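> got a structure for you, letters missing:
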């Protein structure tokens, strides 16, 4: 927002003149424009289904979207099996970090062949039979043995399937932007925000999260989110007040419960709050050494120790990586 | 103390190179003195061990968003179907007599530095995929050219990102209608299967090119903190040795730390813009060239400091016929009204950049590229076209004043000495001293069938 401020006026002018969505909506068949010029309209072209699926034109009243949806999901047609496969593949991709077919946008000849085509077909068939219920599709996948496998790879598995093409293990991957924001808002306030807008309002600098953690652009259709790693992301977490420091202070206050405990005394609830697991023995020693080093430097402020330790955890890899 | 600091620095290079992260590499003459540690003047220990001698140390890529029409810019068609749709004249320019559109009077004046590649082909004729393909040579997940260059040459300055996309607008610019970006988004400038730290760093705001640079800690405290962070991350990294990302992310904090001092210096153009000849050369005052000039000046500063690959994307500009346009000129109106302004915003600053690089003795090791994600075809060059596109290269040892290859009579298909997108990548890497056939990382590599278009530079 801030970056656009000086240009708001131009943007507004521009919109009024050129953004068709601000004009009264026109719904219906479109005209051919000769040489692509809006000033040279030609004959009306009837809306129809893509020709490569066999053509045909629906009798559409209104926008035609309902007819399109019906057509896409008509049982036992080429288009519906493609839709079901594509949908099942995307759900799988979301849950495993990669689709059964690795080119989720292209399931045809231009894409990659999936290693496990029968699995994809089975999922797609059951998806249709369950009346296109995404919920049951997701349930089937998350209850599978494959989904519950560990991400740890044995040397043998790495040797045989280095890229995990056969999903013999879970993938280690960075969280998407939204779960990171959810987590941060939760850590700051100790409660869940189901409404993204409410979450954003309770998360200082939410736009910076979108910017640094590959938040989606609304004007770009993508089949797969990317998870970038960059120094500016690190700078944001390290130096931005709102990113980690304020969250660490709020969490410290909640964990301290009015007392002023030492880091070692609240390490277990701290780890459980941030990483949802108790600390290992090594990590307990690490935290003790952390507080000790700070004391040796002359700092004698247990609350600050806790705060800094939380900040360290928030910057750590485990915080934003799924395993 | 000094030695441990050096060790720290050496350990924490975020960009692996051919030789592995065992030393600090710099392009000759580039010293990473911007770290703020006067006693750690980082003279390059050795020059790169290249596959063969190469001249290019850095690339500045002016990317034309939308796919510029070659027939209106650098490749005059021998026959036009509809003269009404060809409103722009061409002229022979320079001693070489290269035919360049009169929309680029300044580039015409440096024509003898330019190598026009008129026979590019193999681009994808849709924008998003095309953008991804032109930078990565792949429609799926591929490493971008900048990532490969950085991978092959190693970092020229460990304190700055080696691969940068400059977006944003200069102060007081009321001309550009957007900040500039690349089609294909993050995947176009990503690292593909290479270490993720090689992906381009996106600069979004020229006034604050990199946010969050100010730390509340002292440098010593921060360094200790980084050691602790590395220790904290060790557990996860040990559990998943196959996931290179985890180490890259730890390293990204170390790069971030060094960037705190190096970046403000590199991006501070306040001294330079006091110089009237610099202002004039890059066109920092006129509205149409203000932002592009500023970004190209920044690109030159970054390249001077060892950054390997800088992308400066074109911005949306106002059209003479109302509204605003990018290089995706689909209609007679956008051709007539849009292309002149799109040309105007880059013509002067690019010519200025080439002259400036030459005056500084940097042109020989800096490759300047102009091009988009595809070419155009059809009547009046208004349609998408992957079978012919024009790029031009300057500096870095290219043959100036030449036109490489040619299209058919209408200018829609590359017919003479065609250069595929991937051949262009291989050629640019070759000019940098890198053999694409030997660039391999974890099973990621180049197609061995890529050809090096030696006529471009030899």
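Okay, I see it. Values in this document were obtained by computation on a predicted structure and should not be read as measured data. Numbering: from 1, shown residues only, chains lettered A, B, ... in the order given.
> please, which helix or strand holds residue B:186?
Under the criterion DSSP states H and E, the helix or strand holding residue B:186 is helix B:185-188.
> same check on residue B:427?
Assigning secondary structure by DSSP H and E places residue B:427 in helix B:421-431.
> who are the packing partners of the helix or strand that comes right after that helix?
Counting by DSSP H and E, the next helix or strand C-terminal to helix B:421-431 is strand B:440-441. Identification of packing neighbours for strand B:440-441 by 3 or more Cβ pairs under 8 Å, 6 or more residues apart in numbering or on different chains; DSSP states H and E yields no helix or strand. (Glycine included, C-beta is placed from N, CA and C.)
> parallel or antiparallel, list what pairs with strand B:440-441.
With DSSP bridges as the test, strand B:440-441 is paired with strand B:444-445 (antiparallel).
> contacting residues around the residue in the stretch 201-323 of chain A that chain B sits nearest to?
The nearest approach of the stretch 201-323 of chain A to chain B comes at residue A:234, 3.7 Å away (Cβ to the nearest Cβ). Remark: with contacts taken as Cβ atoms under 8 Å, 6 or more residues apart in numbering or on different chains, residue A:234 is in contact with A:315, B:249, B:252-253, B:255-256.
> which residues in the stretch 51-200 of chain A form strands?
Listed in chain order, the strands of the stretch 51-200 of chain A (DSSP state E, counting those that start in this stretch) span residues A:173-174.
> actually the stretch 51-200 of chain B, not the one I wrote
Using DSSP E, counting those that start in this stretch, the strands of the stretch 51-200 of chain B run over residues B:58-64, B:90-93, B:98-101, B:114-121, B:163-166.
> residues in contact with stretch B:211-221?
By Cβ under 8 Å, 6+ apart, the residues outside stretch B:211-221 that reach it are A:208, A:232, A:235-236, A:238-240, A:243, A:245, A:297, B:205, B:222, B:225, B:259-260, B:263-264.
> so for that stretch, mean pLDDT?
Confidence for stretch B:211-221, expressed as mean pLDDT, is 88.
> list the buried ones in that stretch?
Along stretch B:211-221, the positions that meet the burial threshold by neighbour count (16 or more other Cβ atoms under 10 Å in any protein chain shown) are B:211-213, B:215.
> which among those residues gets closest to residue A:191?
In terms of Cβ to Cβ, no member of those lies closer to residue A:191 than residue B:212, at 27.1 Å.
> if we can go back for a sec, for the helix holding residue B:427, name the packing helices and strands.
Using 3+ Cβ pairs under 8 Å, 6+ apart, helix B:421-431 is in contact with strand B:114-121, helix B:145-153, strand B:366-372.
> before we move on, back to that, now, which of the buried residues of stretch B:211-221 sits nearest chain A?
Each of the buried residues of stretch B:211-221 was scored against chain A by Cβ to the nearest Cβ, and residue B:212 proved nearest at 4.2 Å.
> how about the secondary structure of that closest one?
Here residue B:212 is recorded as coil under DSSP: H, G, I helix; E, B strand; the rest coil.
> for the spatially closest residue to residue B:384 that is not a sequence neighbour, give me the pLDDT.
The shortest distance from residue B:384 to any non-neighbouring residue, by Cβ to Cβ, 6 or more residues apart in numbering or on different chains, is to residue B:125 (3.9 Å). What the model reports for residue B:125 is a pLDDT of 91.
> likewise for the one 10 residues further on?
Looking at residue B:135, its pLDDT stands at 96.
> that one reaches residue B:146, doesn't it?
Yes - shown here, residue B:135 and residue B:146 form a contact pair, counting by Cβ atoms under 8 Å, at 7.4 Å.
> any common contacting residues for those two?
Listed contacts common to residue B:135 and residue B:146 are residue B:189; contacts here mean Cβ under 8 Å, 6+ apart.
> which elements pack onto the helix or strand harbouring residue B:302?
Assigned by DSSP H and E, residue B:302 belongs to helix B:287-304. Packing contacts for helix B:287-304, counted by 3+ Cβ pairs under 8 Å, 6+ apart, involve strand B:58-64, strand B:163-166, helix B:244-267, helix B:276-282, strand B:309-313, helix B:332-359.
> please consider this matter closed, and thank you.
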